[in-house]
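Colleague: With the sequence up front, the predicted model follows.
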Amino acid sequence: MSVNTIFKKAMLSAAVFFTSAFSVNVFAVEASSSLNCVTINNDLAQIEKFKQAGTYRFAKGGVQRINFDFASNKPFQDYLAAARAHINAQNPKANMPCPIRTETSKRLYANKPLQVVDLITPFELKADNEKAAVLLIHGLTDSPYLFHDLANSFVEQGISVRTLLLPGHGTAAEALVDIEQADWRQAASYAIKSMLNDFDNVYLGGFSTGGALVVDYLNRNNLNESELQKLKGVMLWSPASEAKAGMAWAAKYVSWFTDYLDEAADIDFAKYESFPANAGAQVHALMKRIEPQKLKGLRNTPFFVVASEVDQTIETDATVNILARWHAQNGAAQAQDKLVYYYANNVEDQLNELPNSLKTITTFSCEGQVYCESVLDIAHTSPTNAPSNPHYGWQGSYRNCEHLTGTDLFGSCKTANAVTLGELTEANLETTLNLQRLTFNPYYEQMLEQMQLFVESTLK
């Protein structure tokens, strides 16, 4: 299949791709002072040492909670300062040089030499001639860097941006070993309330787990009339609805016997590569809260959703079921406000899954770009990053090969000149042994056009 495959815009978010646990012999290794967040990706022998030793898997000084009261109504700037201090204190890579320049980092730091902490800390960007504001919540094991491309696009449209760092993130994977989804919900609640207090026109956005948190908040909390007037819409990318892995429910019990389902080198500055079993268990518990039969309070909130038909982290059909329930609650009179974009090779067949009253558009195409023939389909990890992203893009510094950890193919995936990218489907893995999981959106510019239309149609 070519890039003209499989894209939907209708879903919620999380992240639970499980692989089997294994044991390692831990030995001490010092992180080289000459490393930066780009060069760390290039030395396979060093990567193996980092994996074995857990150099970046463990928090500095042991895991501690952020020094901020999410139950308070403190200013968002206080939260941003606390989050940055927390990353500096706990993340073993926090002060590693990181010459990754995005348009968002340029807005935030101008020409300042960057460190990892600068790129993963939550941030606020104020737009000139501000017409609205959006809150963006990342997914499991991710960080706010995931929104650097989208944030710049929003600001250019006159939409101010805030991002949230979920508890247990931005430091080291160890911090997720004992986290609870209630901690994420409390942080999301603080950030959403802050948005509704501070801005007149508000959008709520989430990738994967972040999307599930947005839906859960709206479903469980009764917004007052003023808040309902301010909330203009919800935007979700690869939202978490139900884990693709049929045994995801077992993560809770697995966590009783082992801390990690996957132990990796954690060289990706923007995301954990190691995966604690408890993290999967907590996302599963969160997704159970937003099953279709439990959705009662979403009202007439317009939604714009993006997800891949072949997502191997989230069960996309479950997302469609949630959206259908959301849409049905609002009634035919409000149907025109529910904007769902569903992309697939064979649109006629796929549209049968969506309610007839939901608006749809045709398939995007990838033409004229050098990467088009190298991309098989759209991965869970793809939607929010532009092809030009200096870390996750077509010529970015990082390649997602974690599914090949511990095999002879890991090295070729990381270093081969000719690469094939896509989702980790059984078919793709059989035909491309050193498949690289896609981390950018080949349709990014077309997606932005549709997002702008969504904002224009809802910001009235």
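Modeller: That came in fine, so what should we check first? Keep in mind the model is a prediction, meaning the values are calculated, not measured.
Colleague: all contacts plus neighbour counts: C-alpha atoms, from now on.
Modeller: Noted.
Colleague: All the strands of the stretch 201-350 of the chain, residue numbers only.
Modeller: With strands called from DSSP state E, counting those that start in this stretch, the stretch 201-350 of the chain shows them at 202-207, 231-237, 260-262, 275-276, 303-306, 339-343.
Colleague: buried residues in the longest one?
Modeller: Neighbour-count burial for strand 231-237 flags 231-237 (criterion: 16 or more other C-alpha atoms under 10 Å).
Colleague: got the angle for that strand vs strand 202-207?
Modeller: In terms of direction (axes from the mean of the first three to the mean of the last three C-alpha atoms, to 10 degrees), strand 231-237 departs from strand 202-207 by 10 degrees.
Colleague: what lines up beside strand 231-237 in the sheet?
Modeller: Take DSSP bridges as the rule and strand 231-237 pairs in its sheet with strand 202-207 (parallel), strand 303-306 (parallel).
Colleague: Format the ones you listed as JSON lines; extra columns: distance to residue 453.
Modeller: As requested, the strands paired with strand 231-237 are exported to JSON lines (distance: least, C-alpha to C-alpha, whole Å):
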{"stretch": "strand 202-207", "distance to residue 453": "14"}
{"stretch": "strand 303-306", "distance to residue 453": "10"}
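Colleague: closest one to residue 290 among those?
Modeller: strand 202-207 (14.5 Å; C-alpha to C-alpha).
Colleague: just checking, residue 440 touches residue 394?
Modeller: Yes. The criterion here is C-alpha atoms under 8 Å, and residue 440 meets it with residue 394 at 7.1 Å.
Colleague: shared neighbours of those two, anything?
Modeller: residue 387 (C-alpha atoms under 8 Å, 6 or more residues apart in numbering).
Colleague: one step back: deepest of the strands paired with strand 231-237, which one?
Modeller: Sort these by mean neighbour count, taking mean count of other C-alpha atoms under 10 Å, and strand 202-207 sits at the top with a mean of 28.
Colleague: now residue 72: how far from residue 409?
Modeller: In this view, residue 72 and residue 409 are 49 Å apart by C-alpha to C-alpha, to the nearest Å.
Colleague: ok, now residue 112?
Modeller: Distance, residue 112 to residue 409, using C-alpha to C-alpha: 38 Å.
Colleague: any weak-confidence spans in the stretch 251-400 of the chain?
Modeller: 251-257, 330-364 (pLDDT under 70).
Colleague: Swap in 50 and give it another go.
Modeller: Scanning the stretch 251-400 of the chain for pLDDT under 50 picks out the ranges 332-333, 335-336, 345, 347, 362.
Colleague: Sort out which residues of the helix or strand hosting residue 79 are buried, please.
Modeller: Residue 79 is part of helix 76-90 when elements are defined by DSSP states H and E. For helix 76-90, burial by neighbour count (16+ other C-alpha under 10 Å) applies to 76, 79-80, 82-84, 86-90.
Colleague: Downstream of that helix, the next helix or strand is which one?
Modeller: Next along the chain after helix 76-90, taking DSSP H and E as the criterion, comes helix 103-109.
Colleague: by contact count, what packs against that following helix?
Modeller: Other helices and strands packing on helix 103-109, by 3 or more C-alpha pairs under 8 Å, 6 or more residues apart in numbering; DSSP states H and E, are helix 148-156.
Colleague: Of residue 72 and residue 409, which one has the most company?
Modeller: Set residue 72 next to residue 409 and count neighbours by other C-alpha atoms under 10 Å: residue 409 wins out with 15 against 8.
Colleague: need the contact list for the more buried one.
Modeller: Counting by C-alpha under 8 Å, 6+ apart, residue 409 has contacts 433-434.
Colleague: Quick one, grab the pLDDT at it.
Modeller: Note for residue 409: predicted pLDDT of 94.
Colleague: Same check on residue 84?
Modeller: The model's pLDDT for residue 84 equals 98.
Colleague: now it, nearest residue through space, not along the chain?
Modeller: residue 121 (5.7 Å; C-alpha to C-alpha, 6 or more residues apart in numbering).
Colleague: And for residue 145?
Modeller: Closest residue to residue 145 apart from its sequence neighbours, by C-alpha to C-alpha, 6+ apart: residue 120 at 5.1 Å.
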